[in-house]
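1. Give me the fold of what follows.
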Amino acid sequence: MTSSAVVSTPAAAEHPVRPALLLGALGVVFGDIGTSPIYAFRESLKAAGDTALEATVYGVLSLVFWAVILVVALKYVIFVMRADNQGEGGTMSLLALALPVAGRLQPVLLIVGLAGASLFFGDAMITPAISVLSAVEGMKVAAPSVTPYVVPIAAIVLVGLFAIQSRGSGSVGALFGPVMAAWFLTLALAGLSHLLQRPGVLAALNPRYALAYAGHAGGTTTFTVLGSVFLALTGGEALYADMGHFGRGAIRLDWFVLVLPALVLNYLGQGALVLADPAAAADPFFLLFPSWLLIPVVGLTTLATVIASQAVLSGAFALVQQAIQLGAIPRLEIRQTSDESAGQVYVPQVNWLLAIIVLGLVFGFRSSDALANAYGIAVAGDMTVTTLLVATVAYGLWRWPAALVFPVAGLFLILDLTFVAANAHKIPDGGWFPLLVGAVTLTLMLVWRKGRAVAFARRAQNAILLKDFIDGLDKPDAPIRMHGTAVFLTTRVDVVPAALALNVRHNGVVHERVILLRVTTERAPRLPETERVVIEPLPEGFSLVWLRFGFAEKPDIMAALRLHRGEVGCDPDTASFFIGREKPVPSLQPELSRWQEPLYKFMARNAVRSPDYYRIPPPRVVELGTQVEM
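-> Residues are numbered from 1 along each chain as shown. Model prediction:
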């Protein structure tokens with residue numbers, strides 16, 4: 001990887017749509033929603049109760065079809081995916097677009113956006129567990145004797161999935177793409193074979209059947225059914241979250257040409273099967289296939305559900321990277337896995353934390369039926385947040401008239417809130433888990449942001465004005481000037497960095513050439529190299545240097561300074577980098593509460609050190625510690 005590639009890699013959206021991107025997107029983006037037919041229609045019929053009634057099957061089919069069309073196709077693929085931040089998607093990217101135009105609502109919108117990102121993590125934990133379990137359970141249809149081994153087999157498959165994440169989503173997508181292409185063709189053909197036997201089921205595409213079912217089933221039953229119908233939509237948010245990996249064009253083309261037709265055909269086929277044989281409602285997906293084909297279908301289904309998990313994992317990694325750059329969470333190790341797309345990253349700590357929790361879910365719930373009760377509420381909440389954010393962007397940034405924004409956003413908000421209410425009954429039976437994950441994640445984010453604000457404020461209390469310090473360098477009692485170049489990382493340009501003040505206090509020297517380096521994260525996902533560096537010369541051999549990075553870029557200081565050494569006037573391979581390391585300590589006048597302080601200390605202690613995060617070689621680093629009262 002070249003140094004320039006490390007500094008800034010282009011968004012996938014900047015590449016033309018080509019077969020490799022289309023295949024890669026199939027392998028990463030559509031796995032989650034593509035495997036929903038395994039359990040969504042089954043759980044919906046179970047919630048409906050009387051599957052012997054033709055009106056029930058037609059009504060549930062109609063609800064599933066129109067939910068997919070309105071929420072995934074219309075809302076996400078057509079509307080929300082317009083809100084790309086230079087090719088990047090996801091809650092953090094959308095939040096970065098919405099905050100500058102939110103006006104007085106900015107603090108509220110920030111919490112709402114962070115809440116949506118937090119709920120996405122709850123989804124990222126349940127999706128792998130329910131997807132893989134539902135596939136492996138298909139083995140019970142083919143060979144009932146394997147029933148006791150379903151959970152251990154699912155666990156082994158999941159461990160393998162998490163183990164290959166370090167290869168990067170691009171490599172994984174190339175590996176999984178052909179499998180998902182085969183999967184969607186299998187879905188389409190299996191559904192079509194039963195649809196041809198009972199073509200009358202096509203009438204379920206008429207929304208009147210959904211409305212008629214809601215009318216005769218009653219409010220309580222309809223809401224219960226809608227909670228299960230929502231399972232057909234899980235994965236819709238991953239289309240937007242993973243947009244930075246493959247680009248909007250590739251995702252839209254895949255969706256309308258292959259994925260949506262295959263899903264609709266399969267759901268219609270399952271409906272036709274149940275109408276012909278009501279007993280098939282127990283497992284309509286696997287019963288679509290003849291018994292002699294079940295073993296290879298279970299194998300393909302297992303591969304497809306592994307890929308379904310990949311969609312949310314890729315989105316989770318991208319979300320974590322963006323959250324770190326925007327200062328919402330502590331620094332973690334981020335590994336860039338592609339020279340071609342900045343969105344393709346791997347976060348080891350998050351990967352293995354998810355692995356532990358997902359395995360805990362598998363062994364705790366032990367079946368996809370049980371996990372279905374936990375699934376949905378977090379996704380519905382995240383979708384609601386997306387609607388609020390994209391409405392803010394449409395009104396404030398795109399300048400859409402209120403007469404257009406409010407009806408469109410209002411329709412989507414009604415749909416989202418309906419599904420939130422429909423999933424509320426799941427909370428006592430497992431839905432509490434993703435909500436708990438979301439609440440814990442949001443709490444950590446807010447405590448981290450508050451703790452950093454307090455640390456910056458405390459540091460500024462005793463800071464020396466930079467102008468006064470430089471003016472004093474020509475006085476008789478000034479510190480000794482020594483040969484060489486020193487680079488001091490700083491967050492403010494008007495005061496002396498803590499590391500410089502400590503160095504003068506303890507060593508009594510100042511280098512001949514001093515660079516005060518401020519690394520900033522912009523609200524854009526990436527910046528062109530022409531805008532990377534801003535320099536302000538100062539007296540006495542000092543200079544202020546801003547290194548600007550987008551929130552989807554890896555802030556590699558050494559690569560950037562090497563690339564711009566002529567402008568900066570510094571060879572980073574010979575300079576010394578001075579970095580202040582803060583240790584939070586209790587204060588007599590604390591600004592963090594008793595429960596917030598230990599949380600902040602824990603996160604600060606476990607955050608990746610600045611030299612490691614900014615990729616500064618250890619031999620070039622001098623760390624000077626200081627205590628900060630919290």
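
2. Specify the residue positioned farthest from the middle of the chain.
-> For the chain, the largest distance from the centre (C-alpha atoms, centre = their mean) belongs to P476, which lies 56.6 Å off.

3. Assign that one to one of the three secondary structure states.
-> Judged by DSSP: H, G, I helix; E, B strand; the rest coil, the three-state class of P476 is coil.

4. contacting residues around stretch 64-82?
-> Stretch 64-82 is contacted from outside by 33, 40-41, 44, 89, 204-205, 207, 210, 229-230, 232-233, 236-237, 239-240, 243, 248, 251-252, 255-256, 260, 263-264, 267, 383, 386-387, 390, 398, 408, 412, 415, 419, using C-beta atoms under 8 Å, 6 or more residues apart in numbering. C-beta coordinates here come from the backbone N, C-alpha and C atoms, glycine included.

5. what does stretch 263-280 give?
-> So stretch 263-280 is contacted by 33-34, 36-37, 40-41, 45, 51-52, 54, 57-58, 60-61, 64-65, 68, 187-188, 190-195, 197-198, 201-202, 204, 232, 281, 284-285, 287-288 (C-beta under 8 Å, 6+ apart).

6. Would you list the buried entries among the contacts of stretch 64-82?
-> 33, 40-41, 44, 89, 204-205, 210, 229-230, 232-233, 236-237, 239-240, 243, 248, 251-252, 255, 260, 263-264, 267, 383, 386-387, 390, 408, 412, 415, 419 (16 or more other C-beta atoms under 10 Å).

7. hang on, the earlier thing: of the contacts of stretch 263-280, keep whichever come out buried.
-> For the contacts of stretch 263-280, buried by 16+ other C-beta under 10 Å: 33-34, 36-37, 40-41, 45, 51, 57-58, 60-61, 64-65, 68, 187-188, 190-195, 198, 201, 204, 232, 281, 284-285, 287-288.

8. Those in strands, which ones?
-> The strands, defined by DSSP state E, take in nothing from these.

9. what comes up buried for stretch 97-117?
-> For stretch 97-117, by 16+ other C-beta under 10 Å, it's 97-99, 101-102, 109-110, 112-117.

10. just the helices in the stretch 301-450 of the chain please.
-> Assigned by DSSP state H, counting those that start in this stretch, the stretch 301-450 of the chain shows helices spanning 348-365, 368-372, 377-396, 402-423, 432-461.

11. what's the average pLDDT for the next helix or strand after the last one?
-> Per DSSP states H and E, the first helix or strand lying C-terminal to helix 432-461 is helix 466-471. The predicted model gives helix 466-471 an average pLDDT of 90.

12. With stretch 32-40 instead?
-> Mean pLDDT, stretch 32-40: 90.

13. Do me a favour and get the end-to-end distance for that stretch?
-> Using C-alpha to C-alpha, to the nearest Å, the span of stretch 32-40 from its first residue to its last is 12 Å.

14. ok, residues contacting it?
-> 64, 72, 127, 130-131, 134-135, 138, 180, 183-184, 187, 228-229, 231-236, 238-239, 259, 262-263, 266-267, 270, 285, 301, 304-305, 307-309, 311-312, 368, 372.

15. got it, and stretch 430-445?
-> 111, 114-115, 117-119, 121-123, 125-126, 323, 328-329, 357, 361, 365, 370-371, 373-378, 381, 423-424, 427, 599, 603.

16. Kindly report the same for stretch 156-170.
-> 24, 28, 128-129, 132, 136, 172, 242, 245, 302, 306, 309-310, 313-314, 317, 335, 337-338, 340-341, 344-346, 348, 351-352, 354-355, 358-359, 362.

17. chain center to it: distance?
-> Taking C-alpha atoms, centre = their mean, to the nearest Å, one finds stretch 156-170 lying 17 Å from the centre of the chain it belongs to.

18. what mean pLDDT does that stretch have?
-> 79.

19. now could you export just the CA positions of that stretch as CSV?
-> C-alpha atoms of stretch 156-170 as CSV (Å, rounded to 0.1, in the frame of the first residue of the first chain):
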residue,chain,number,x,y,z
ILE,A,156,-18.8,-23.6,14.9
VAL,A,157,-20.1,-21.8,11.8
LEU,A,158,-20.2,-18.5,13.6
VAL,A,159,-16.7,-18.8,15.0
GLY,A,160,-15.5,-19.4,11.4
LEU,A,161,-17.3,-16.3,10.2
PHE,A,162,-15.7,-14.0,12.8
ALA,A,163,-12.3,-15.5,12.2
ILE,A,164,-12.3,-14.5,8.5
GLN,A,165,-13.3,-10.8,9.1
SER,A,166,-9.7,-9.7,9.2
ARG,A,167,-9.5,-10.4,5.4
GLY,A,168,-11.8,-7.4,4.8
SER,A,169,-15.3,-7.0,3.4
GLY,A,170,-14.0,-6.7,-0.2
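
20. Out of the helices of the stretch 301-450 of the chain, which one sits most buried?
-> Neighbour counts (mean count of other C-beta atoms under 10 Å) averaged over each of these peak at helix 377-396, with a mean of 24.

21. elements contacting that one?
-> Secondary-structure packing of helix 377-396 (3 or more C-beta pairs under 8 Å, 6 or more residues apart in numbering; DSSP states H and E): helix 91-98, helix 106-136, helix 236-241, helix 402-423, helix 432-461.

22. Would you list the strands that the longest strand seen in the chain pairs with, along with their directions?
-> Criterion DSSP E: the longest strand present in the chain is strand 509-522. Strand pairing for strand 509-522, determined by DSSP bridges: strand 480-489 (parallel), strand 542-550 (parallel).

23. Dump the helix or strand that the longest one is followed by to CSV, restricted to CA.
-> Once strand 480-489 ends, the next helix or strand along the chain (criterion: DSSP H and E) is helix 498-507. Output in CSV follows, covering the C-alpha atoms of helix 498-507 (Å, rounded to 0.1, in the frame of the first residue of the first chain):
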residue,chain,number,x,y,z
ALA,A,498,0.7,20.4,27.6
ALA,A,499,3.6,18.3,26.3
LEU,A,500,5.6,21.4,25.3
ALA,A,501,5.0,23.1,28.7
LEU,A,502,6.0,19.9,30.5
ASN,A,503,9.1,19.5,28.3
VAL,A,504,10.2,23.1,29.1
ARG,A,505,9.5,22.6,32.8
HIS,A,506,11.4,19.4,33.2
ASN,A,507,14.2,19.7,30.5
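
24. re the thing from before, of the strands paired with strand 509-522, which approaches N85 most closely?
-> Nearest to N85, of all these, is strand 542-550, at 9.0 Å by C-beta to C-beta.

25. any idea how far the closest one is from the chain center?
-> That offset, for strand 542-550, works out to 29 Å (C-alpha atoms, centre = their mean).

26. Tell me where the model's unsure across the stretch 151-300 of the chain.
-> For the stretch 151-300 of the chain, residues meeting the criterion pLDDT under 70 lie at 168-174.
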